[in-house]
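Chemist: Pasted the sequence and its predicted model underneath.
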Amino acid sequence: MTGQPIPSLRSQLAVLAALLILLAASASLSRLPLGWWGLVISTVIAVGQALLVLVIFMRLRHSHPVMRMIAVLSFAWPLLLVALTLGDYLTRYLLHAPW
Amino acid sequence: MNATLPEAAVQQQFDDASQQKEAAMLGMWAFIATEVLFFGVLFAAYVVCRWRFPLAFVEGSAHTDFAMGTTETAILLTSGCLAAIALRQIQLDRARQSAVLLMITSALGMAFLILHGMEYHDEFEEGLIPGIRYTQTGPDARGVELFFSLYYVITGFHSLHVLIGVVVLLVMAIRSWRGAFSSAYYTPIEITGLYWSLVDIVWIFVYPAIYLVGSAG
């Protein structure tokens, strides 16, 4: 832990620039009538931004493997939750009484 | 004082400062995991409702302030970067610079809260607050009400987290200015930075879910 590398100022500012560029892209693309593709694009951009924050600002890249494992699991559980909940809603149908 | 702080600050259950720091970081990541689960449930509710009422969510999102939401996102992303740089500066033994950066981060958090408060005020004027002042009519009015219910729960809890972060950042800035931290001991600043990044990440997903759904309109 004590031997954790110190990131350069340039790298931190470059990540901020990348985050703001991605924000501008997300905001601009949302103005186009892309339908459900707009949702896909904005979600992909948001995941990219979150990964940048996790890896660079939260320093997961040089963290202990246990911290990285917790980080991955903490985001995997809500994904599983959403997938299973949607799986339930999308496959549910009304059961009609036979009489 | 700084040179002796790490040894003096080691609690009796730990062998050394390094072990204590690893325990603190592990505890913080466990806390972050529970926070992600907390917001994850709210996002799951959002996904189901959006699937069920797609047009109402487009209409509801069109009522939100796109420019304000984008500005708030830029503010939070910038503050996250400053918190990361504050950690870098304390690692380089530049405590005063770290304190100033933490102070600016806290101020940006406050700016975010003020802007969001202005948004809430505008929505109150427009009659968009379910249960308090909701005046919308039309075929999708109930679905829009559901959108705004989720909007207030998600952004309300997020704003509460921002408020806590603003206070903690301020405390860290004062302690750093007074020389409580150095390159030998900066765990509280690192943990505060992790918390602030979590606040950032939650908003990164809130922004497209709330503000970008109806902006193509």
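Modeler: Right, received. Where do you want to start?
Chemist: nearest residue to residue B:102 other than its sequence neighbours?
Modeler: residue B:173 (3.8 Å; Cβ to Cβ, 6 or more residues apart in numbering or on different chains). The C-beta positions use only the backbone N, C-alpha and C, and glycine is treated the same way.
Chemist: list the contacts for that neighbour?
Modeler: B:99, B:100, B:102, B:103, B:106 (Cβ atoms under 8 Å, 6 or more residues apart in numbering or on different chains).
Chemist: Going by proximity to chain A, name the top residue of chain B.
Modeler: Scanning chain B for proximity to chain A using Cβ to the nearest Cβ identifies residue B:40 as nearest, at 2.6 Å.
Chemist: host element of that residue?
Modeler: Element membership for residue B:40 (DSSP states H and E) is helix B:17-52.
Chemist: before we move on, the earlier item: which element is the residue nearest to residue B:102 on?
Modeler: Assessed by DSSP H and E, residue B:173 sits inside helix B:141-177.
Chemist: C-terminal to that helix, what's the next element?
Modeler: Next element after helix B:141-177 (DSSP H and E): helix B:187-211.
Chemist: Could I get the pLDDT score of residue B:96?
Modeler: Here the pLDDT value assigned to residue B:96 is 97.
Chemist: quick one: it from residue B:102, how far?
Modeler: 11 Å (Cβ to Cβ, to the nearest Å).
Chemist: Looking at the two, which one has more neighbours?
Modeler: Per other Cβ atoms under 10 Å in any protein chain shown, whichever of residue B:96 and residue B:102 has more neighbours is residue B:102, with 31 against 11.
Chemist: The more buried one against residue B:189, yeah?
Modeler: Yes. Shown here, residue B:102 and residue B:189 form a contact pair, counting by Cβ atoms under 8 Å, at 7.3 Å.
Chemist: Give me the common contacts of these two.
Modeler: Contacts common to residue B:102 and residue B:189, judged by Cβ under 8 Å, 6+ apart, are B:86, B:172, B:176.
Chemist: Counting neighbours, which of those residues comes out on top?
Modeler: residue B:86 (30 neighbours).
Chemist: Without its sequence neighbours, what residue ends up closest to that one?
Modeler: Counting by Cβ to Cβ, 6+ apart, residue B:101 is the residue found nearest to residue B:86 once chain neighbours are left out, at 3.8 Å.
Chemist: give me the number of residues near the one you found?
Modeler: Neighbours around residue B:101, by other Cβ under 10 Å: 26.
Chemist: Okay, and it sits in which element?
Modeler: Going by DSSP H and E, residue B:101 is in helix B:95-125.
Chemist: which helices and strands does the next helix or strand after that helix pack with?
Modeler: Sequence-wise, the next helix or strand downstream of helix B:95-125 (DSSP H and E) is strand B:128-129. Packing partners of strand B:128-129 (3 or more Cβ pairs under 8 Å, 6 or more residues apart in numbering or on different chains; DSSP states H and E): helix B:141-177.
Chemist: Next, the angle helix B:187-211 makes with the lowest-mean-pLDDT helix or strand in chain A.
Modeler: Ranked by mean pLDDT, DSSP states H and E, the helix or strand of chain A with the weakest confidence is helix A:65-91, at a mean of 91. Between helix A:65-91 and helix B:187-211, the angle comes out at 20 degrees (axes from the mean of the first three to the mean of the last three Cα atoms, to 10 degrees).
Chemist: So for helix A:65-91, what gets flagged as buried?
Modeler: Neighbour counts over helix A:65-91 (16 or more other Cβ atoms under 10 Å in any protein chain shown) mark A:67, A:68, A:70, A:71, A:74, A:75, A:78, A:81, A:82, A:85 as buried.
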